[in-house]
Structures are given as structure tokens and as C-alpha cells.
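Take this sequence and fold it.
(chains A, B, C and D, ligands or ions: 4)
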Amino acid sequence: MAEKTVLEAIKDGLAEELERDDSVVIMGEDVGNMGGAFRATEGFLARFGERQIIDTPLAETSIVGIAIGMAVNGMRPIAEIQFADFMFPAYDQIVNEAAKFRYRSNGEFSVPMVMRTPYGAGIHGGLYHSQSIEVQLAHIPGLKVVAPSTPYDAKGLLKSSIRDPDPVMFLEHKRTYRLIKGEVPDDDYTLPIGQADVKREGSDITVLTYGLMVHFSLEAAEELAREGVSVEVIDLRSLLPLDKETVLESVKKTSKALIVYEDNLTLGYGAELSAILASEAFEYLDGPVMRVASPDIPSMPFHPAMEFEALPNPAKIAGALRQLAAY
Amino acid sequence: MAEKTVLEAIKDGLAEELERDDSVVIMGEDVGNMGGAFRATEGFLARFGERQIIDTPLAETSIVGIAIGMAVNGMRPIAEIQFADFMFPAYDQIVNEAAKFRYRSNGEFSVPMVMRTPYGAGIHGGLYHSQSIEVQLAHIPGLKVVAPSTPYDAKGLLKSSIRDPDPVMFLEHKRTYRLIKGEVPDDDYTLPIGQADVKREGSDITVLTYGLMVHFSLEAAEELAREGVSVEVIDLRSLLPLDKETVLESVKKTSKALIVYEDNLTLGYGAELSAILASEAFEYLDGPVMRVASPDIPSMPFHPAMEFEALPNPAKIAGALRQLAAY
Amino acid sequence: MVVARVTADVRVSSTDLGLTSSDLIAIYRDMFTARAVSERLWLLGRQGKVYFLVSCEGHEAAQVGSVYGMRPGTDIFVPYYRDLAVALALGSEPIDMVLHALGKSADPYSGGRQLPGHYSSKERNIVSGSSCVATQILHGVGTAFASKYRGEDVASITYFGDGATSKGDFHEAMNFAAVHKLPVVFFCENNGWAISVPQDKQMVVQDISGKAEGYGMPGVTVDGMNVLDVIRATREARDRALRGEGPTLIEAKVHRFSSHSSNDDHRRYRTPEELAAEREADPVARYRDLLIDISVLDEARASQIEQDVINALDDAVDAAEASPDPTPDSAYTHIYSTEGM
Amino acid sequence: MVVARVTADVRVSSTDLGLTSSDLIAIYRDMFTARAVSERLWLLGRQGKVYFLVSCEGHEAAQVGSVYGMRPGTDIFVPYYRDLAVALALGSEPIDMVLHALGKSADPYSGGRQLPGHYSSKERNIVSGSSCVATQILHGVGTAFASKYRGEDVASITYFGDGATSKGDFHEAMNFAAVHKLPVVFFCENNGWAISVPQDKQMVVQDISGKAEGYGMPGVTVDGMNVLDVIRATREARDRALRGEGPTLIEAKVHRFSSHSSNDDHRRYRTPEELAAEREADPVARYRDLLIDISVLDEARASQIEQDVINALDDAVDAAEASPDPTPDSAYTHIYSTEGM
Ligand SMILES: Cc1ncc(C[n+]2csc(CCOP(=O)(O)OP(=O)(O)O)c2C)c(N)n1
Ligand SMILES: Cc1ncc(C[n+]2csc(CCOP(=O)(O)OP(=O)(O)O)c2C)c(N)n1
Ligand SMILES: [Mg+2]
Ligand SMILES: [Mg+2]
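Residues are numbered from 1 along each chain as shown, chains lettered A, B, ... in the order given. Ligands and ions are numbered 1, 2, ... in the order given. Presented below is the predicted three-dimensional model:
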């Protein structure tokens, strides 16, 4: 065991899989020469060579589209999209191709690829280096969508994603890269995709969240604990498939739910969680299903005064928890 | 007043706006020579000429991207995407460009364009001529998203969309084109974007829906009426902005809500409606917020046996209404 | 005498292509079958039994020739919706085509999930495609990458129409393949139309092959109505690819004899004269004449082959029609692997 | 004597370009200002006052030359994030740049919403851009379409790097503009790098201008370190566009003197020798020498201009730093028009 950052854990996971399986390659913009915009593949070019570490032309449609072809023909490519905001040019290849290959061929072909990308705000990235994209992916049957929050989860889920027989969208919150540290086993381990993790147990209110917001929610839960309110924090980890059992079990226990996500409110991922609760846990609910999310603005503005106005934070989460507690 | 189909109403609306305003043009694949895949622009090339009716190369990114540039420079282009399934290559231009132009320029530039596209299933179009795409658009602040269900609404909203100063995604359910008929005034009229319409008043249960599902819901409501259950059917018409007032008012009145949409269940548009109700109408709810939608499969399979299995229909809606009524 | 010269040319041509008489006949059978299946399915469409169809009529020489220029069983084929004759030449049976068109449970390409025209076979290295124009071009680049990565002697060929070249996917695929010198053949079936949009509204240039140069790869235009020419061009491109010299763009100039699809009526945007003139260069009839001229076939033998195909097709239609529809709940399978990771 | 020949050439060149001495000096002032602003902002970045920066160092001649080749005030400019000197030459003031870099409320380009490097001005016909590479190329085609549609004597120019040419947007834009013979100039600033990816991993060809032919449009390569050459090429392209002959692709070969952005350190992937060698062809110094050689400037006058720029810049930095930050709730405005329809 050693303490690592999320970034280090991801880097280790990538290196181990490249080592373990020759069919694994990393392709994307600046993944080689530069070691990635966030240095997730630093030193990889020297270590694994141009064969496994492929600096591509600047063209996301092709990064994903070619990775699909590689996966169809026996490889396990990891396609890196430099920032989640630049996933959109590849959206057609993801939705109409990667997600539908198995279905449309009646099970004959599969696309065992991973798309990795840093998402989220809080680093003054402005409108185009801050977006959340999980909804556009988690809405699409045929894809898997993973969004870890800790080093341990990141590495274990990354390895599972690489070994998964279906296309996995691996979303890394860029603010967690260096901010979040934790113990990571030295030996090879995987975590199953599709299992949520109770990051903090509690009995009064359930918080459903993922990514950076797990940490903000834990902070808020700590604060509420001091006020005598016991908050359970569930880290979904996998957005598609969703671990509905864990979600429902917790809310049936606490009877109150707060959903926290960084994306803009309307049709953010939490909308589906709300809908599930309103339908499947209705009889257990002792209060409205609340959401803390970013406001419906087109993206995060550059200046921190506006950025921090818009982003959810521990104080906003604590505020909502207090409201729910008082309900 | 004359009885028209949805398709005829749209055709009339387009022609009148082309006539009224020289800055309006229609651009897209096969809109000229062929009059459109569904004949929405039949005869337009002869009538308005190549100047206003532009057959483009087969390239959706460019259809939208160039329309954006035209709109920025004083025109009011109507970009047609032949099938909604083929919107995805243009998704980047829609989300990162059209939706954010005003915001990023601090209000200096605007993009008064319309993107029209036929969506939805029920015509044996298979995996790639059947998809619903409203979630991917209605999640994006900066866009407006309109999805009419009747000839009258279609024409009035289309004209408003063309005259709107912001980018409007105009979604036409292809199954309604010839199926749905109704009275349409002969004179120029517009309908405001952002107002839902109560298509049927009722007191026991509210159905929230749009597009083709409005008609299926009305059928189901009729059936329930014969069983003594009074169902209110709300046609949202505009998905972004959403007319939250009308929605909340109705559900507060009936205390029960069924949400009906054709897209696959998870993170479909109805998820947001559920979330709003679970949060803002919680105290009024006398039963779970239910959803009838397509199952989480990648798209509609071609063979009708599978297609009709997957699609919502009046019987499924009626079934859910009975459950709610009995609750 | 012209005929004699043609004869001699063809003999030389087919010989140095390594084609035996029985190869030449097999090629004819494939082309004729493709035509016959297209026509029969169109008829079933008229009868309301098939909802949607794309015909390969006019493209038979290009499609069949491209297959014979590659190495079926080894190479990887990434077709688009018009490539009925590609699938046939790769070993699909007419009954497969009918099952597919009817969306039957036994449809070997998709189990009734895809619109007709979406050929796929893991066994035959035919990669499943969507209806989305041009996306598959990138997949063909990816399959070629994998073959090269593993050091295999395998090329990929990816098919598309003139319309597809307008789309970014084409551009990005060409560029990446050139940079990595991938063993892939870009095979463009240029029929001059993207549904109703004529080539001059799609692009300025006459020859799509000319687009190759900007990517630093060779481009060749070939008469797509002449199957031997197509075989030669494809084989050269394949050889080049396997020598490690990278991709080639082949433009096969063809005519689309039918409307774009069964939903289209091309008489709305084309003149009868134009259509009649194009039909004169019928690639199937032309090749038949050639085989008779060079005495690989005679009239009787040719008719026999044709009759056999028609008979088999009759049986195929009967069998396919009697075959069961998909069950409703078959809509729910094969979304994810059931094997877990 | 070389100097004499150069002198004569330049005189002829600048005269037939219709440039007066004061134009030549204005050009120098713009180039020098761009360099000075880039350097100063970089310094502010080092001091932690600016979070992110893209420098235009090395691209000054290309950028300023392109503006002087067009008609500012009339034509439409669609820049990308590196085009600081384009914005300056179009009349932006240094203080605008500093306000923008600091994300201040008075940032005239975006009110503090966009990352530095995103120039925009309705008044100056500078179209707002995103950070997404290549998307703006299509917008420039659209603005050109509208100008032509209304019969105006207005051209558009759209800017992008070598990296952007790999993306589908570039391809689709080039193709559409050529089909419609639009009055647009495609201006590629080829510095040989897309961040850390060198040109030979981006494409096979040496000259990006060669990509034009496949679209049926002319392409020219110009020495982007020579401002007069750039003016000439751009003017010719503009003239051609306004004669109704359609678009031109200009490739200005330049060097990127700085790291890609303030987040990058190009010493990780470039040798000190390479970097030093490139600096020798400094476009600003070279043009300064030229103006002195041809006696449009002398050393004293040049220094004076430079000092004035530096002084103004000092003031600009002070004023900008003192300028108020955006209020938090300014995040909520300008999502939609408030005028309704
Ligand atoms: C991305 C996308 N846009 C539009 C369509 C609708 N469409 C289907 S085929 C076609 C024309 C294709 O023309 P071409 O590539 O020349 O092939 P051809 O049919 O002529 O063989 C169009 C516009 C589509 N299938 N996919
Ligand atoms: C669509 C997209 N993908 C990736 C990026 C990240 N990125 C920003 S600039 C850049 C390189 C651009 O190179 P080039 O076009 O040559 O312009 P230069 O910076 O060299 O002037 C990359 C990869 C982006 N901004 N947009
Ligand atoms: Mg064609
Ligand atoms: Mg560059």
C-alpha cells in the first residue's frame, strides 16, 4: 500500500495494463511526446515505445472511430480525449457506432475499448475546459460509464474498464487528479463496474453523488454531523450501469435524499436518480428529493468569481442538507 | 381554416417565412432537387430558387457550422438534418458553438438559426432512422428545444422558431407527419415558445408528454374516461424552456403524474420532469411519479415485432394510468 | 478487328491477374446473382413484403471486382449499405439477403434489427456497419491498424460512396491512414449522386481520386463498370498496402441504375434519357458478352448459370418467407456482453 | 549587394501593395505591440496573476500581415486563440488584452467568461470563437456565405493552425466554400506543431497549401515570417474572392517561439538548439531591420515607437489590474436574448 493521488493511481493502472496485455494501446493528442495534458502518461513513450503510445492527429472523431475499428479487430485501445469538452466531435462515433456495434450485429461484434477523459470544473478552465459530459453518455444503452472519485477506485475501475468486453467511458474529474490522495494497493486488483460504494454511513439523509462532489459531500456530511444530523454518502462510481439496489436501500433506510452533481441542473445525471426515487421509493420518502447542481448556464465562466458562484460546494450542500433535516 | 397534416402545416410555415423574410434560407441534404426526404420542401426549389433552397454536401457538421456563421452574419438559416439520428456529427457545433455564442461573447453575438429534424420511431426505420434526441439538446442551456404534436402547434411554433433570436432545435416526430391532421388558420400566426398546452382537461391524473406520445396519451385518457378516471393530458410543446408553471399547477391539482416519452427510459426527458415533481410538488403527490418510456435498448430494431414491443403505446399508457388510479 | 483485340487484352489481363476460367465464371455468377437478388428484393418491396431496400444495380462490377482483388477469408471488409454484391461475393447466400430484407429472426447479419443493406459476418470478416454515412471508413482504418500492429499479412478495405467523401470522417480516416502507412484500401463507389444531390453540388473536382494527393497517398480512378479493371486496381492497392507502403484511394466510377432506395423515385430529379443512356453500359451484360467473346462461356452455359441462380433464388425466397419472425423479446438481447469482463 | 536588392524589392513590393511609409510603420507598431503584450502577459502569468495564456510570438508577421491584406472595418475576421496580433491590428488596445487575460468585468471580448486568447468584437467584425480547434473555420464559411448572399463586397478570413487541418471541420469547410465559390480566405498559421505533436505525425505532406487542390481551390504557401509576403498573398486571395472566383487556402509557415500555452513547457519535447535556431528568423526584428534598411525608420524613431508602446502597456497593466472583477451573478446573463423573439 502507498499513498497516491488520483492521477498517480490512473498512471499506474495504465502502465500495468500496457505491460500485462500487448493488445492495449493508448492513443490521443499529446499522449506521447508530452505525456498527456495532465501528465497521466508521462514517460510512457520512452517506456512502451511508439507502438503502444500513439500521438494522433488533432481529430477526435478519428481517435474514437479508429479505436472502434481496432477494438473490433482484437485490440483493446484506450482512446484519450484531451478534455471532455472535446468529446463532442466524437459523439456520433460513440453513440451510433461504439454503443450499437454489439446490438446491431446481434452479438457478433464487440467493441472492447476505453475512452478516458478529464472532465469538470474548478481549475479556472473557462467555458471549454470545464464541462461535464456524463449525461450524454449515461443515456446511451450499450455504453458503460464510470466516474471514480478516489485513487483506489480509479485504479481498480480503470483496470476493469480496460478488460471489459464493452465500450467504457472513463470519466476523470480533473480537479481530483492532484487534490485527492489515498491508499492504493501495490498489487493487481480490479473493482467491478456497476457497484456503488457507501463512502460514509449515516441514518438521517442519503446523499447520492459521484466524482469531485463525493468529497464536497463528505465535507458537508462532517459539518452536519457536528450539528447532530447523520448523513450517508453514496459514491455511485458507475453511472451506467447504476447500482440501483444500493441507492434504493439507502434511501429506504434514511427516507430523505439529496442528489449532488456538478453538471447543470436540468437533465443532469441526478434527474434520473430523482426519477427512480420518485417512482420506486415513493412510499419511503419523508421529504422532497432535493438536488444541488450547477445552474443552467452554458458552461463555467473563466473568472473564479463567477466560477465559484456557479459550482456546487460544501456550503451549498450543507445548506440543502439542513433544509432536508428540518423538513 | 383548413384541415392539414403536420407535414403540410410545416411546409406552409416554411414557405411563408421564406416569402416574408429574404434572410431565411433552407439548407440541407436533398432539400432542393428532391424536396426533402419527407417532402417538407417539395416544390421549393422551383418556387424560391437555388438562392434560398440549398442542397448541401453530405456533411452535418458543416450544415450546422456554416448555418451558425450565416446566422452570426445577419441571416436566419434553417438547417435541416435529414434524420435526427444524423444530428450527432453536428453535436459539437450545436453544443460548443451555437449554444454558447451569445454567452461567450457577453451578449454581442447571437445565432438566430433553426435546426429542423424528423425524429422518433414507428415507421420501421430501424436503428438509425428512429432515434429520439431531445435529451441531448434540452440539457444544453443556450438552446431552445421545441417538439410540437399537432399541425396547428407545428406551424405556429415553427414560425416563432424562425423569428427567434436564439438557436432553436425544432423536432418533428416523423410518425405524426401524415398521421396527425388538424385545423390550421390560413393567416399568419405564431405561438410563443415555452408554453405548454393542456390538450385534455382532467382531475385525477396528469399525463406529461410531447410529440407523438401526446396522441397515444389522449387515446389512453379516453379509455380511462370510460372507466371513470379523469385524465389531464399536458403537451409540453417546448422542452427548453419548460413551462414549469403549467406542469406544477396541473400536478398540484390532480396529485398524480404519469410521464410518457418515447426515448429510452434512463435519462430520458421525463427524468427531469420527475425530478421537478419530486422536489417541487412533493407535498401534493398522492402516488409515485410513474414513467412510460421505451426500454433501455440502443435504438429501435427494424422488425415490427421488436419495434412495437419496445415502443410505448396507448395500451401501455392506459395500464400505467390504471395503476396510478388504483394507488 | 476490335473484338479480337478486346479478346486478347482480356485474356492477357485475366491471366496476369491469375484468374482461371472458372474464376472468370465465378465472377460472372456473383455479378449476376447480385443483380438478380436486387431485382427480386425490389419486387418483394413492391409487394409490400419488404419495407426498405437499397439496390446495388450498376455497382456490381465495382463491388464484385473489389472482392476478387482482395483476399477473402483473410482480408477485412468494411462495406456500406449499397454493397450487396460485396457480401455475396464474400460467400453470403441469397437466402441470407432475403432473410435480412424481411427482418427475420434468422437474418444472419443482424437478427432483424437493422434496415436491409447492413451486411455483417464475423466468420467472413465483414464488419457490421451503421446507416450513418462515412463512419465506417474510420473503422476500416482501425481494423488495418490492428492487423499491422500484430504483424499480420492482412489488408482492410473500406467502402463508401461519393457522398461520403464530403464528411469529416472520410478526411480524418484518409489522413490517419496515410500518417501510419496502414494496409487499407479506400474504395469509393462514385455514382455521381448522394441521393438527389449531384456530384457538382457535392464537390468541385471531377475525380475523387484526386483527393488522395493532399494526404500524400496515391489515388486511382478506375472504370467501375469493368470488373477486370477493378480487380486489377484493387489488387495493386492491396499489394502496395501489404508491402508496407500504405493506403490507396480507389475511385470506381459507376452508375446507380435504380433510385437511391425503395423510398426514393429518381425520376423526380433525373431525365429518362439520362437514365436510359447509363443503362447501356450495363456491367453485368458487358461482362457476360466479354466472357462469350473470349469463349469462356457460351450462350447456353451462361443461360444455365442464370437459371440456376434464379431457381436458387426462388427457393431462397420461399424458405425465407416461411422462416420465423423475431420474437418481441429478442429486442432485449446483446446490449452488453453476458460474460462480464 | 544583397541589402540593396532587398531594399529595392521591398520598396517595389510595398509600393505596389499600396502601402505608404506610415502604413509600413503602423505595421511595425502592431507587430511590436503584439510581441510586447505577449511577453508582458507571460510575465503576469509567472507572477500568478494570469491563469492561462497563449502567446503569438513568432506568428506576428503572419497575423498582422493577414490583417493588412484584408480590409479591416469591412471584412469579417474569424480568428483562433493564438491570434492576439490579429486582434491588435484590428484596433484592439493593449488594455483590452490585459483586461481579458485577467478575466475582468471590463474584458471587452467576453466579460471574463472566456479563457485568455478568445478575441471578439462585433464593432470590429471579429467573430467570437470557442477553444475547440477548427470549429471556427466553418463559421467563416458561413459569414462569407451571408455576405455573398446579400451581394456585399465583403470577404471573410478564417484562421487556424496546422493541427486544425486534421479535423473534419476543416475538410467540410473547404469543400463547401469551394462548391459555392464563397468569398473566404482560409488562413493557416503552420508552426509545425499541434502542442507537442510535430507535423509529420499529423500529416504526410510538407505543404498544407497542397491540400487545396483536392477541393478545387488554389493553395499558396507563404513565408509567414515576412509580413509583406503575407500581405501580398492575403490581398490576392481577397481580390480573388471578391471577383467571385472563390476561396483560397493560404499557408503561412511560421515558428512558435513560445511553449504552446502557459500550461506547456516545450523544452520537454524540443531541443534547445532547435528553439534557438528558430528564434533567429524573428519576424519582428527582421521587419524592423528592413524598415531601417530602406530608411522608413531609423534606430531612434524605432526605439521611440517601442518605448511608447511599452509605456502605454505599463499604463494598461496598471489600469487593468485596478479594474473590477466580474460580480458573481454576472454568470447568469446573456444566455438567451432578453428581447424575446
Ligand atoms: C450521416 C448521414 N447523413 C445523412 C444520411 C442520409 N443518407 C443516406 S444515403 C445518403 C447519400 C449517400 O450517397 P453516397 O455516399 O454517394 O452513396 P450512394 O448511396 O450513392 O451509394 C444520404 C444523404 C445518412 N445515412 N447518414
Ligand atoms: C477539438 C479540440 N481538441 C483538442 C484541443 C486541445 N488543443 C488546444 S490547442 C491544440 C493544438 C492546436 O494546434 P494548431 O492547430 O497547430 O494551432 P497552434 O496552437 O499550433 O497555433 C490542442 C490539441 C482543443 N482545443 N480542441
Ligand atoms: Mg453516390
Ligand atoms: Mg500549430
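
From here on, just use CA atoms for contacts and neighbour counts.
OK.

For residue 60, give me its contacts.
As the question left the chain open, I've gone with chain A. A:81, A:86-87, A:89-90, D:167 (CA atoms under 8 Å, 6 or more residues apart in numbering or on different chains).

wait, chain C
C:31, C:34-35, C:85, C:225, C:283-284.

just to revisit the earlier point, out of the contacts of A:Glu60, name the ones that lie in helices.
Counting by DSSP state H, no part of the contacts of A:Glu60 is found in helices.

now that we have the residues you listed, which one has the most neighbours?
A:Pro89 (28 neighbours; other CA atoms under 10 Å in any protein chain shown).

Nearest residue to it in space, please, no chain neighbours.
Leaving aside its chain neighbours, A:Pro89 sits nearest to B:Asp92 (5.2 Å; criterion: CA to CA, 6 or more residues apart in numbering or on different chains).

which element is the nearest residue to A:Leu242 once chain neighbours are set aside on?
Ranked by CA to CA, 6+ apart and with sequence neighbours excluded, the top spatial neighbour of A:Leu242 is A:Gly194, at 5.7 Å. Under the criterion DSSP states H and E, no helix or strand holds A:Gly194.

number of nearby residues for A:Gly194?
19.

hang on, it packs against A:Ser238?
Yes - using CA atoms under 8 Å, A:Gly194 makes contact with A:Ser238 at a distance of 5.1 Å.

biggest helix in chain C, by residue count?
Per DSSP H, chain C has its longest helix at helix C:21-46.

Next, the contact list for A:Met213, please.
A:260-262, A:312-313.

where does A:Val207 land in three-state SS?
strand (DSSP: H, G, I helix; E, B strand; the rest coil).

so what's it bridging to?
Note on A:Val207: beta-bridge partners by DSSP bridges are A:Val233, A:Leu258.

what about it, distance to chain B?
Distance of A:Val207 to chain B, given as CA to the nearest CA, to the nearest Å: 15 Å.

That residue contacts A:Leu218, doesn't it?
No - applying CA under 8 Å as the test, A:Val207 and A:Leu218 come out as separate, 9.1 Å apart.

Among these two, which residue is more densely surrounded?
The neighbour comparison of A:Val207 against A:Leu218 (other CA under 10 Å) goes to A:Val207, with 30 against 21.

Would you mind giving both backbone torsions of C:Gln136?
phi -70, psi -20 (degrees, to the nearest 10).

Can you show me the helices along the chain?
Going with chain A. A:6-20, A:44-52, A:60-72, A:91-92, A:101-104, A:134-138, A:151-163, A:176-179, A:212-226, A:244-254, A:269-280, A:304-310, A:314-326.

not quite, I wanted chain C
Using DSSP H, helices in chain C cover C:2-16, C:21-46, C:60-69, C:84-89, C:94-101, C:135-149, C:168-179, C:199-202, C:227-242, C:272-279, C:283-293, C:299-322.

number of nearby residues for residue 269?
Going with chain A. Other residues close to A:Tyr269 by other CA under 10 Å number 30.

wrong one, I was asking about chain C
15.

can I assume it is in contact with C:Ser196?
Yes - if you go by CA under 8 Å, C:Tyr269 and C:Ser196 touch, sitting 6.6 Å apart.

List of residues touching stretch C:323-341?
Taking CA under 8 Å, 6+ apart as the rule, stretch C:323-341 contacts A:100, A:102-103, A:106-107, A:141-142, A:160, A:163-166, B:297-298, B:301, B:303, B:305-310, C:99, C:103-106, C:111-113.

coming back round to it: highest neighbour count among the contacts of A:Met213?
Going by other CA under 10 Å, A:Val260 tops these with 29 neighbours.

residues touching that one, list them.
Taking CA under 8 Å, 6+ apart as the definition, contacts of A:Val260 comprise A:207-210, A:213, A:217, A:270, A:291-293, A:317.

Those into a markdown table, with extra columns for pLDDT?
Shown next, in a markdown table, are the contacts of A:Val260 (pLDDT from 0 to 100):
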| residue | pLDDT |
| --- | --- |
| A:Val207 | 98 |
| A:Leu208 | 99 |
| A:Thr209 | 98 |
| A:Tyr210 | 98 |
| A:Met213 | 98 |
| A:Ser217 | 98 |
| A:Gly270 | 98 |
| A:Arg291 | 98 |
| A:Val292 | 98 |
| A:Ala293 | 98 |
| A:Ile317 | 98 |
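
Quick check: phi and psi at the closest residue to ligand 3 within the stretch 1-150 of chain C.
At 9.5 Å from ligand 3, C:Arg82 is the closest residue in the stretch 1-150 of chain C, using CA to the ion. Torsion angles at C:Arg82 (phi, psi; degrees, to the nearest 10) stand at phi -90, psi 0.

gap between it and ligand 4?
39 Å (CA to the ion, to the nearest Å).

Quick check: which of the helices of chain A is buried the most?
helix A:60-72 (a mean of 30; mean count of other CA atoms under 10 Å in any protein chain shown).

Is that helix positioned near ligand 1?
No - in terms of CA under 6 Å from any ligand atom, no part of helix A:60-72 sits within range of ligand 1; the closest distance is 12.9 Å.

Please apply the same query to stretch C:53-61.
No - Stretch C:53-61 is not in contact with ligand 1 by CA under 6 Å from any ligand atom; minimum separation 8.1 Å.

what does the average pLDDT come to for that stretch?
Mean pLDDT, stretch C:53-61: 97.

Could you work out the end-to-end span of it for me?
The straight-line separation of the ends of stretch C:53-61 (CA to CA, to the nearest Å) is 20 Å.

my read: A:Glu3 touches A:Val184, true?
Yes - counting by CA under 8 Å, A:Val184 is a contact partner of A:Glu3 at 6.2 Å.

so how far is ligand 1 from A:Val145?
25 Å (CA to the nearest ligand atom, to the nearest Å).

Return the residues in contact with that residue.
Per CA under 8 Å, 6+ apart, neighbours of A:Val145: A:134, A:137-138, A:168-171, A:238-241.

returning to that earlier point: select, out of the helices of chain C, the one closest to B:Ala278.
Smallest distance to B:Ala278 across these (CA to CA): 40.9 Å, for helix C:135-149.

Flag every residue of chain A that's near ligand 2.
So chain A meets ligand 2 at A:29, A:58, A:86 (CA under 6 Å from any ligand atom).

Make CSV out of those residues and add pLDDT and distance to chain B.
CSV is the format used below for the residues of chain A next to ligand 2 (pLDDT from 0 to 100; distance: CA to the nearest CA, whole Å):
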residue, pLDDT, distance to chain B
A:Glu29, 98, 18
A:Leu58, 98, 15
A:Phe86, 98, 8
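
what would the helices of chain C look like in TSV with distance to B:Glu227?
Shown next, in TSV, are those (distance: least, CA to CA, whole Å):
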stretch	distance to B:Glu227
helix C:2-16	77
helix C:21-46	43
helix C:60-69	60
helix C:84-89	53
helix C:94-101	43
helix C:135-149	51
helix C:168-179	55
helix C:199-202	58
helix C:227-242	68
helix C:272-279	59
helix C:283-293	65
helix C:299-322	42
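
looking at these, which is closest to D:Asp153?
Closest among those, using CA to CA: helix C:199-202, at 24.2 Å.

Tell me the buried residues in the closest one?
C:199, C:201-202 (16 or more other CA atoms under 10 Å in any protein chain shown).

Check stretch A:229-249 too.
A:229-244, A:246-248.

contacting residues for the residue in chain A positioned nearest to ligand 2?
Closest to ligand 2 within chain A is A:Phe86: 4.8 Å, counting by CA to the nearest ligand atom. Residues counted as contacts of A:Phe86 (CA under 8 Å, 6+ apart) are A:60, B:92, D:132.

Kindly provide the distance from the last one to B:Arg200.
As for D:Cys132, its distance to B:Arg200 is 46 Å (criterion: CA to CA).

what's the answer for the second one, then?
Using CA to CA, one obtains 38 Å as the distance from B:Asp92 to B:Arg200.

The nearest residue to A:Glu134 once chain neighbours are set aside: what's it in contact with?
Closest residue to A:Glu134 apart from its sequence neighbours, by CA to CA, 6+ apart: A:Tyr269 at 7.0 Å. By CA under 8 Å, 6+ apart, A:Tyr269 lies in contact with A:134-135, A:138, A:261, A:263, B:267.
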